[in-house]
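Engineer: Here is a sequence together with a model predicted from it:
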Amino acid sequence: MAVFQIQEQINRRLPESQLPILRMKAVTKKFSGVKVLQNVNIELYKGEVHALMGENGAGKSTLMKIMAGVYQPDGGTIEYKSQEVHWNNPMEARNKGISVIHQEISLSPNLSIGENIMMGTTFKKNRLGLINWNDIYENAAQVLKSIGSSLDPRAEVSTLSVAQQQMVEIARALSLNSEILIMDEPTASLTDKEIEKLFGIIEELRRKGVAIVYISHRMDEIFKISNRFTVLRDGHWVTSGPISDTNPENLVKLMVGRELNELFVRERIESIVRSEQKPVLELKNVSDKKYVKGISLKIYPGEIVGLAGLVGAGRTELVRTIFGLSELSEGQIILDGKPVHIKSPIDAIKLGIAHVPESRKEQGLLPNLSVKENILMAQLPTYRKFKLLQFKQMNRDADRYIKELGVRTASKDQNVMGLSGGNQQKVVIAKWLSIGPKILLLDEPTRGVDIGAKTEIHKIISRLAEQGLAVLMISSELPEVLGVSDRILVIHEGKLRAELSRNEATQEKIMYYATGEVKK
Amino acid sequence: MNTNLQMSSPSVVSFKEKSKQIFNQLGMVIILALLIIVMIIFAPNFTDSSNILNVLKQSSITAILAAGMTVVILTGGIDLSVGSTLALSGVISVLLSNAGIPPVIAMLVGVAVGYVAGAINGFLTAVTKLPAFIVTLGSMTYLRGLAYVITGGYPVVLASKQFKFIGAGEILGIPTPIYVMAIVYTIMLIVLKYTMFGRHVYAIGGNEEAAHLTGIKVKRTLINVYSISGLFAGVSGVVMAGRLFSGQPMVGIAFELDAIAAVVLGGTSFVGGRGRIQGTIIGVLIVAVLTNGMTLLNVDYYWQQVVKGIVIVIAVLLDRLRSRT
């Protein structure tokens, strides 16, 4: 309800200029054969704030990058100021007035504010052909002033707070006379006060006729500052329209409205009788230094607990804390009823905790080693006799895991990099099964995996749970969370917001809690 | 037809990979074979057994250093200090031997000096996370400095006959350093392929973070890796002293570069995670045969340098092509 009041307070007038400044039609983009965008349309008008909405992986970032010339579309057209354009690189788009403020700050920390702001422009030279520093600092100061900032252009960027750095980013975009400004989650690391200030600047820019594409997961922000919206889902364009025609509930529905029938759905298991069983893992008020704020939870043997939330909510950090990769600053981790101190992955593994990390390539696989060695690497000490590795036994066990998990590989001695994504992931899971774990932590276990392998991995996870393993699974794909989990925990900004049973959970409910909306 | 294709597709992939692997392994062997054939045809006396033993004896020092260097480079690191370690180990073992300590003990202390120098490199690299290049550049300088300090800058003449045997002796007509080299390579072959430490080296070199997440003791392994490099530098220092009948503080300058060149020529990737000890010995022999052949052919010494340098650049180029798979 509160949202609608805010809505009325704000002048909702639609932009007067009638021709769109940018029109993307039927834009399609593929990455290694997978369509991430299909026939996406979007129109931007001068003097509007356009909210780009969608779940993780809906294609927002890709669309934004195509707009800014980072990627080239595989199909469709881009019209800018009524002319068809092809950006070959971000520089071209920027010179024509399209700037991006990325989620991660992209300034050079060791250079001055002035240099950072003026970096995209041609530096003025003095008579000797050298850089005219005074000119740079004066121009930078002017741009800063235009957004009401009193930062000293001579100061080094590394001395600034995140919010101040964001000001510098905005100033840089303006120094290029941007007509379209794309902002990707600009408020993610700002305080409420800083957000207010940012909104003031956005409003000012809008009045000056800049078209702003605003990407955010925060519903209240969207309804506060945007004029129109576009929703993407699974790479498809869903709808666009004035923000006054919709409400948060409706928007969430548009974002998640997906069918579950394509995916694996775990058979309902008789709910575990909690009172009789002891939790294998219990967290009491666990915090790390930054991202995880006082989370308590219990996981029982044979149970799959889904951990839902937006990217950056602290899910990965929570799992990393359990595995001894981030420092526990507060709280207690209790394993089989006993408090434990986990200082490193080695400690965690000894206690029977396994962790399939988020990024298979960077964190999971041991490249150039064979499938066999990847599977058995965590368990090598047990294969030693007089310090030498016993290959016969290793071969036998590797074969067993390959068969058990259905890894499709030419042989156990094949280089692991030669396998498909899904099979690589099975190898990573096999590695952890080899230690005989009690707890399996999965971070996005099916990312970048095709649908067939996805289902297979879901079946493997379910089977492991049936055998008594406790599973904590992070996933950004709601159908996966709903299809596989017995229980779903939703995290928002480092805090546990909701615990939903399998029966009561829906995509809409999860999204509500994940975006921080409080449902009555 | 169709089903046939599908059936065979996995084995096609593995065949492709196999042939690539075979090329990676044999590529340098072929070059060595060609070099030998060229030398047999053009260089007089190349095939004399005395010449062949000479080639092996002369390459033994580089070979021993390169064995340690291979392990270091497999983890994605580098050890610039081996030439200086060689000098310090040689000087200390000769001084001890001359002071009346039994030669075997003196030699072992020399080797231990190398081990400690390597362990310090390893500690600094693994624990303080300083770049290996900087750490070993520093130790290259201070170890050499220590060798000068201890000797006052002058060579120390070696008295013990037993000590001389390790560098200049013969067993069954074959020079002792060749035995030392053979033992070092046999051990490293087994260590890298058949021990947990060896496989951890490959795992860390391929992806350090994944190795850490797998529960591998990355720091301890890295310390051991640099210790092994230092140990072998110590061994080669002792052998060198025996061969020269003296401990010389200025010996072994730029030897680390010869060792690195041999490792890269042998197909070990500079990025880490890929390579074999068998390749390194081929790399050592390529340089040795090239140098020996050019000498037999009366190629000017300065021109020999030019040719060797070009060969190293080509080797790095091959490394790039290899890692671009």
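Structural biologist: Perfect, thanks for sending it.

Engineer: Next, the residue of the stretch 151-300 of chain A found nearest chain B: phi, psi?
Structural biologist: Among the residues of the stretch 151-300 of chain A, A:D288 lies closest to chain B, at 17.0 Å counting by C-beta to the nearest C-beta. Using the backbone N, CA and C atoms, a C-beta is placed for each residue, glycine as well. Backbone torsions of A:D288, given as degrees, to the nearest 10, read phi -100, psi -170.

Engineer: Does it touch A:V319 like I think?
Structural biologist: No. In this structure A:D288 lies outside contact range of A:V319 using C-beta atoms under 8 Å: 10.8 Å.

Engineer: Name all residues that make contact with the residue of the stretch 151-300 of chain A closest to chain B.
Structural biologist: A:317-318, A:320-321, A:326-329 (C-beta atoms under 8 Å, 6 or more residues apart in numbering or on different chains).

Engineer: Please repeat the previous calculation with a cut-off of 7 Å.
Structural biologist: Residues near A:D288 by C-beta atoms under 7 Å, 6 or more residues apart in numbering or on different chains: A:317, A:321, A:326-329.

Engineer: List only those of the residues you listed flagged as buried.
Structural biologist: Burial by neighbour count, 16 or more other C-beta atoms under 10 Å in any protein chain shown: within the contacts of A:D288 this picks out A:317, A:321, A:326, A:328.

Engineer: name the element the residue nearest to the last one when sequence neighbours are not counted belongs to?
Structural biologist: It stands for A:L328. Distances taken as C-beta to C-beta, 6 or more residues apart in numbering or on different chains put A:T321 closest to A:L328, at 5.6 Å, once the chain neighbours are dropped. A:T321 belongs to helix A:315-322 when assigned by DSSP states H and E.

Engineer: quick one on the thing from earlier: of the contacts of A:D288, which is the nearest to chain B?
Structural biologist: Distances from chain B to those, taken by C-beta to the nearest C-beta, are shortest for A:S326, at 12.7 Å.

Engineer: I'd say that closest one and A:V319 touch.
Structural biologist: No. Counting by C-beta atoms under 7 Å, A:S326 stays clear of A:V319, with 9.2 Å between them.

Engineer: Any stretches of chain B with poor pLDDT?
Structural biologist: Along chain B, segments meeting pLDDT under 70 span B:1-26, B:315-316, B:319-320, B:322-325.

Engineer: So which residues make contact with stretch A:322-341?
Structural biologist: Applying C-beta under 7 Å, 6+ apart, the contact partners of stretch A:322-341 are A:278, A:280-289, A:294, A:317, A:320-321, A:342-345, A:347-348, A:351, A:353, A:355, A:441.

Engineer: distance between the ends of that stretch?
Structural biologist: 10 Å (C-alpha to C-alpha, to the nearest Å).

Engineer: rewinding a little: for the very next helix or strand once past the helix holding A:T321, what is the average pLDDT?
Structural biologist: With elements assigned by DSSP H and E, the helix or strand that comes after helix A:315-322 is strand A:330-335. The pLDDT scores in strand A:330-335 average 92.

Engineer: Paired strands for the very next helix or strand once past strand A:330-335, with orientation please.
Structural biologist: Next helix or strand after strand A:330-335 toward the C-terminus (DSSP H and E): strand A:338-340. For strand A:338-340, the paired strands and their directions (DSSP bridges) read strand A:330-335 (antiparallel).

Engineer: And the buried ones among the contacts of A:D288, which is closest to A:H217?
Structural biologist: If you rank the buried ones among the contacts of A:D288 by distance to A:H217 using C-beta to C-beta, A:E317 comes first, at 17.3 Å.

Engineer: What distance do you get for A:V231 to A:P73?
Structural biologist: Distance of A:V231 to A:P73, given as C-beta to C-beta, to the nearest Å: 19 Å.

Engineer: So A:L144 lies in a helix, does it not?
Structural biologist: Yes. Using DSSP: H, G, I helix; E, B strand; the rest coil, the assignment for A:L144 is a helix.

Engineer: Might one say that it is in contact with A:I170?
Structural biologist: No. At 9.5 Å, A:L144 does not count as touching A:I170 under the criterion of C-beta under 7 Å.

Engineer: So between A:V231 and A:P73, which is more surrounded?
Structural biologist: For A:V231 versus A:P73, neighbours defined as other C-beta atoms under 10 Å in any protein chain shown are more numerous around A:V231 (25 against 21).

Engineer: and B:I41, how many neighbours?
Structural biologist: Neighbour tally, B:I41, other C-beta under 10 Å: 8.

Engineer: what's it in contact with, if anything?
Structural biologist: Taking C-beta under 7 Å, 6+ apart, we find B:I41 in contact with no residue.

Engineer: returning to what we had before: with distance to B:A117 as extra columns, can I get the buried ones among the contacts of A:D288 in TSV?
Structural biologist: Listed next are the buried ones among the contacts of A:D288 as TSV, based on distance: C-beta to C-beta, whole Å:
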residue	distance to B:A117
A:E317	41
A:T321	39
A:S326	36
A:L328	38
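
Engineer: Out of those residues, flag the one nearest to B:V71.
Structural biologist: Proximity of those to B:V71 (C-beta to C-beta) peaks at A:S326, which lies at 31.6 Å.

Engineer: so what pLDDT did that closest one get?
Structural biologist: The per-residue pLDDT of A:S326 was computed as 89.

Engineer: just A:E55 next, same as before
Structural biologist: If you check A:E55, the pLDDT there is 76.

Engineer: Chain A against chain B: which residues are in contact?
Structural biologist: Proximity of chain A to chain B, by C-beta under 7 Å from any C-beta of the partner chain, involves residues A:345-346, A:349, A:355, A:357, A:362-369, A:373, A:377-378, A:380-381, A:384, A:387-389, A:410-411, A:414-415, A:418, A:431.

Engineer: rewinding a little: if we only consider the contacts of A:D288, which is nearest to A:G306?
Structural biologist: Of all those, A:G306 sits closest to A:E317, with 16.9 Å by C-beta to C-beta.

Engineer: Please name the residues that touch that closest one.
Structural biologist: With contact taken as C-beta under 7 Å, 6+ apart, A:E317 is in contact with A:288, A:291-292, A:326.

Engineer: about what we covered before: buried subset of the contacts of stretch A:322-341 as a PyMOL selection?
Structural biologist: The PyMOL selection below is limited to those of those classed as buried (16+ other C-beta under 10 Å):
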select buried, chain A and resi 280+281+282+283+286+287+288+317+320+321+342+345+348+351+353+355+441
